[in-house]
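[1] Task: produce atomic coordinates for the following.
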Amino acid sequence: MDVRDQLMQAAAQTVDALSFTQTHVIDEDFRAHNRATIESVRSLQREQRSRIEQTYGPQSPSADVLALQLLSSYRGEITFLDHSRGRDGRTSPSAAAGVVTSLTHGQCLSFKKEMKQRIHEWERVFCEERGVAVTTRDKAMLRQVYELYKLAKNRLRGEESPTNGGGEDNNNLTNSQSQTQQPQGARSSSERANSAGTVTSGVRVRTPSPSGSQVDNPARRVVGSTTQPSGLQRQVVRSSTSSGLSANEGPGSTQPTIGSGIRVSQMSNEELAAEKRYLKRILHRFESDFEQRNGFAPTRNDRQAHSYEYIRYGELKNEIIRRMPSVAGG
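    Here you go, the predicted model:
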C-alpha cells in the first residue's frame, strides 16, 4: 500500500469517527452506546451497582451480631464471674469485685466508658431493627455484660464516695466549731448566775438565800434539793445547751426555778415571769415535735406524761394574773 492509499484510509477512518461520535457515546468501560438510549443504560448500571453493594458490600452488624461481639470481647471477665457464683446461683460480691480490682482508676474508668458505649450501641441497633425499646427480657442475653458494667460502676462510685464523705466531715467540723463559739456569751451569764444558786442535771435549782423567812423553813430546802426535773425538762435543757442557747431569754434575765418545789405565792414577779416563759417554750416545743412526728396535735392523753409542766404553767399564769394582770402577756 503506497502513501496515497494510507492517506485515503486515514481520512476515511477520521470521517467515520467524527460521524460516530455524533450519534454514540463511549463510556468509562470503553463501550459505545447510542445517544438515544444512553440515559436508560446509565440508570440500569446504577441499579446494578446498588444491588451489588447491598448484597456483597459492607453492612452494619445486626443486634444479634453485636451481642455476640460483646460476649466475645468480655469472655474472660464473664468466665470469672461465672466461677464466682455459689451453689444458689448468686455471685459473691467479694469474688466478683476481683474482676475490676486489678485495674487502676484510669483503666477502670476507660473500661466502664467503653462498655457503656458498646451497650448503648447494641440498644440503639436493637430499637432500629425491631421498632421497640429494649426490655428486661431482651437484656437477659447480655446479663453477664450488664453485671460486669455494674461492678466497674460501683467500684468507681466507691472510690469517689470517700471524697464526698470528707467534705461532709469538714462541714460537720465547721458546724461544731460554730456551735462551740455560740454559747460562750450565754456561758458567761450562766456563770454569773451560779453565784446565786446551783445547777442540777442541767436545770436551775433555786438555792435558798441566807436571809429572810427562807432560813427558817428547812422543809423547803429539803424539797428543793431532792426534786428532780422531769424527762421533758431534761430533754429541752440538753437540746438548748447543744444548740448554744441558754434557758434564759437574755443575758440579764432571771434563771427559772423549775423543780425547786417553791410555791408560786412565795416567788417574786421576776421569778414567776421567767419560769412561765421557760415552761411555755418547752411545752410549745413538745407540741410542735409531736405534731411533726404524728401529723396531729397532742390530745389530753398524750399530755399525761408531762402533766406536771402543764399544771405548773397554769399555776404560774394564774398567780401572775392575780398579782399583776399586765404581766400576763409575758
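[2] Okay, buried residues for the one helix or strand Gly106 maps to please.
    Using DSSP states H and E, Gly106 sits within helix 105-130. Taking 16 or more other Cβ atoms under 10 Å as the neighbour-count basis, helix 105-130 is seen to contain the buried residues Cys108, Phe111, Lys112, Met115, Arg118, Ile119, Trp122, Glu123, Val125, Phe126. For glycine as for every other residue, the C-beta is placed from the backbone atoms N, C-alpha and C.
[3] of those residues, closest to Lys317?
    Sorting the buried residues of helix 105-130 by how near they are to Lys317, with Cβ to Cβ, puts Lys112 at the top with 67.4 Å.
[4] one step back: model confidence over the helix holding Gly106, on average?
    Along helix 105-130, the predicted confidence averages to a pLDDT of 90.
[5] Could you check how far the residue lying closest to Lys112 once chain neighbours are set aside is from Leu66?
    Nearest residue to Lys112 in three dimensions, chain neighbours excluded: Ala152, at 4.1 Å (Cβ to Cβ, 6 or more residues apart in numbering). Noted for Ala152: a distance of 19 Å to Leu66, by Cβ to Cβ, to the nearest Å.
[6] and if you look at Lys317?
    Using Cβ to Cβ, one obtains 80 Å as the distance from Lys317 to Leu66.
[7] same question, His83
    His83 sits 26 Å away from Leu66 when distances are taken as Cβ to Cβ.
[8] what's the answer for Ser50, then?
    Plainly put, Ser50 is 25 Å away from Leu66 if you go by Cβ to Cβ.
[9] Between these two, point out the one with more neighbours.
    Neighbour count, other Cβ atoms under 10 Å: between Ser50 and Leu66, Leu66 has more, with 20 against 11.
[10] Pretty sure that one sits against Val125.
    Yes. Leu66 sits in contact with Val125 when judged by Cβ atoms under 8 Å, with a separation of 5.9 Å.
[11] Which residues are in contact with each of these two?
    Residues touching both Leu66 and Val125 by Cβ atoms under 8 Å, 6 or more residues apart in numbering: none at all.
[12] and stretch 270-286, which residues are buried?
    271-279, 281-283, 286.
[13] Can you show me the CA trace of it as CSV?
    Listed in CSV are the C-alpha atoms of stretch 270-286, where the atom choice follows Å, rounded to 0.1, in the frame of the first residue of the first chain:
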residue,chain,number,x,y,z
GLU,A,270,-39.4,38.2,138.0
GLU,A,271,-39.2,34.5,139.0
LEU,A,272,-42.8,33.9,138.0
ALA,A,273,-42.4,35.5,134.6
ALA,A,274,-39.1,33.7,133.9
GLU,A,275,-40.4,30.3,134.9
LYS,A,276,-43.6,30.9,132.9
ARG,A,277,-41.7,31.8,129.8
TYR,A,278,-39.4,28.7,130.2
LEU,A,279,-42.3,26.3,130.6
LYS,A,280,-44.2,27.9,127.7
ARG,A,281,-41.2,27.4,125.5
ILE,A,282,-40.6,23.7,126.4
LEU,A,283,-44.3,22.9,126.2
HIS,A,284,-44.6,24.6,122.8
ARG,A,285,-41.5,22.6,121.6
PHE,A,286,-43.1,19.4,122.8
